[in-house]
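>>> The following block contains a protein sequence and its predicted model.
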Amino acid sequence: MASASTAPPPQGNLKRIVAASLIGTTIEWYDFFLYGSAAALVFNKLFFPDSDPLVGTLLSFLTYAVGFAARPLGALVFGHYGDRLGRKKLLVLSLLLMGGATFAIGLLPTHATIGSAAPVLLTVLRLVQGFALGGEWGGAVLLVSEHGDARRRGFWASWPQTGAPAGQLLATGVLSLLTALLSDAAFGSWGWRIPFLLSGVLVIVGLWIRLSVDESPVFQQALAQAEARKADAGAEAEKLPLVAVLRHHWRDVLVAMGARMAENISYYVITAFILVYATTSAGVSKQTALNAVLIASAVHFAVIPGWGALSDRIGRRPVYLMGAVGVGLWMFPFFSLIDTGGFGNLILAVTVGLVLHGAMYAPQAAFFSEMFATRMRYSGASIGAQFASVAAGAPAPLIATALLSDYGSSTPIALYVIAASLLTVVAVAAAKETRHRDLADVAVPAGQGADRKAAAPEDARTA
């Protein structure tokens, strides 16, 4: 007989959960990516005006990277309380923090008004964004994974992942519209603030939807069992989630971090650094570069559920490996196409890159969720994902810009992404396949981690 987690939930309820997670993650990624696009386009002039253009861009991307530095802290704090109090409460808090910080950036005085205090305040607000996003991802994907049908977990859990391209699509679309409607002077003076202030409206919508969903039934079941054990006078005290993760899942954390390298680095090179490379080296206008990212993000959004569904059929690892190898092989053609300066070639370069990225990003939600036991799942998945972002996504645009400045060529940048792809291939190849695991099993899952107990029951494999 199938366990509770493998029995398909009511479709209406599951779709509402998926919609709530998708809309929430879209808003949070909109806020986060909006900063990245603005860092490439205007923040270098508004907050670092005394530097030459490329150095100003480097400094702008440095504040961009600061947001990633706060993500591990967010993963630790939100993971701890998410494993103790539940997924839903923490997701509401993350949305409020992210939206508030983004709205405040839209009101921030520039260097011309308050001098050096401007970049300092910008950095502080970026830290709040990173802290919030560090807690958002784990909770959003777990809420869907723990509600969902085990046979289609890869498909359903991939929908919150589409929040990233949807947020990129929304952020790039708003910026593209404003740069088309406004002169460069008007956009640099006040137009750039509009997308940040719009976040306030989006957060209200996101909160209304997110507050309407139920807590994860898998978490509620595990919490009830933990409370029952606590009532037993002879029961061992429950360990802190972080301690339990480091004891039972340290190898899984390392696998997750390695798996994130190619996925994270390639994404920010393809979507953020391209706005620098295409405009400075290929002579492409800002509007053209933004439009190419806009079109490619729409395709990215569309293919992610397909990759997730494929991972349900053939496994998480094969799909992930296809993406990692594909991104590495695509890097030299990617830059060659951009160098032509043609709009069609620019679209092709970014679109293929993001389709291949989707093969890693789509199964990631289910893959990471299935690695960890319930009462340490939020902590484990968040720590593995967000600690990697410090070494991967955070410095990626910064490193790529520095390599371009030092060598004047895209070759070192392509080799940088290829090296990340090789690291991801090694990490994923070292992992165990996870798609048959039962998330309701409170025991530490059998697999590649240390001190494992029992494997998922057979009925989870055949449900």
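Happy to help now that I have it.

>>> shouldn't Gln129 be in contact with Leu95?
No. Using Cβ atoms under 8 Å, Gln129 makes no contact with Leu95, being 11.8 Å away. (C-beta placed from N, C-alpha, C; glycine too.)

>>> Compare these two (neighbour count), which wins?
Between Gln129 and Leu95, counted using other Cβ atoms under 10 Å, the more crowded position is Gln129 (29 against 26).

>>> which residues does that one contact?
Asp31, Phe32, Tyr35, Gly67, Ala70, Met98, Ala101, Thr102 (Cβ atoms under 8 Å, 6 or more residues apart in numbering).

>>> Include neighbour count, pLDDT and secondary structure when you put those residues into CSV, please.
Below are the contacts of Gln129 laid out as CSV (neighbours: other Cβ atoms under 10 Å; pLDDT from 0 to 100; DSSP: H, G, I helix; E, B strand; the rest coil):
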residue, neighbour count, pLDDT, secondary structure
Asp31, 30, 78, helix
Phe32, 26, 74, helix
Tyr35, 26, 79, helix
Gly67, 27, 76, helix
Ala70, 21, 85, helix
Met98, 29, 85, helix
Ala101, 24, 89, helix
Thr102, 29, 87, helix
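
>>> how many neighbours does Phe368 have?
Phe368: 29 surrounding residues under other Cβ under 10 Å.

>>> quick one: pLDDT of it?
pLDDT for Phe368: 92.

>>> and what of Ser5?
On the pLDDT scale, Ser5 is placed at 42.

>>> where does the stretch 351-463 of the chain dip in pLDDT?
Counting by pLDDT under 70, the stretch 351-463 of the chain shows low-confidence ranges at 441-463.

>>> helix or strand for Leu290, which one?
helix 286-314 (DSSP states H and E).

>>> Following the chain onward from that helix, which element is next?
By DSSP H and E, the next helix or strand past helix 286-314 is helix 316-339.

>>> Tell me the buried residues in that following helix?
Residues of helix 316-339 classed as buried: 316-317, 319-328, 330-331, 334-335, 337-339 (neighbour count, 16 or more other Cβ atoms under 10 Å).

>>> That helix packs against which elements?
With contacts taken as 3 or more Cβ pairs under 8 Å, 6 or more residues apart in numbering; DSSP states H and E, helix 316-339 sits against helix 250-268, helix 274-280, helix 286-314, helix 343-369, helix 411-430.

>>> how about 7 Å then?
helix 250-268, helix 286-314, helix 343-369, helix 411-430 (3 or more Cβ pairs under 7 Å, 6 or more residues apart in numbering; DSSP states H and E).

>>> Contacts for it, please.
Outside helix 316-339, the residues within contact range by Cβ atoms under 7 Å, 6 or more residues apart in numbering are 154, 259, 262, 266, 277-278, 282, 307, 310-311, 345-346, 348-349, 352-353, 356-360, 363, 366-367, 410, 414, 417-418, 421-422, 424-425, 428, 431, 433-435.

>>> out of these, which are buried?
Buried by 16+ other Cβ under 10 Å: 154, 259, 262, 266, 277-278, 282, 307, 310-311, 345-346, 348-349, 352-353, 356-360, 363, 366-367, 410, 414, 417-418, 421, 424-425, 428, 431, 434-435, out of these.

>>> Ala38 contacts Arg193, doesn't it?
No. Using Cβ atoms under 7 Å, Ala38 is not in contact with Arg193, being 9.7 Å away.

>>> okay, those two: which has more neighbours?
Taking other Cβ under 10 Å, Ala38 and Arg193 do not tie; Ala38 has more neighbours (22 against 17).

>>> For the more buried one, which non-adjacent residue is spatially closest?
For Ala38, ignoring the flanking residues on the chain, the nearest one in space by Cβ to Cβ, 6 or more residues apart in numbering is Trp192 at 5.9 Å.

>>> Next, count neighbours for the one you found.
For Trp192, using other Cβ under 10 Å, the count is 24.

>>> separation between it and Val174?
10 Å (Cβ to Cβ, to the nearest Å).
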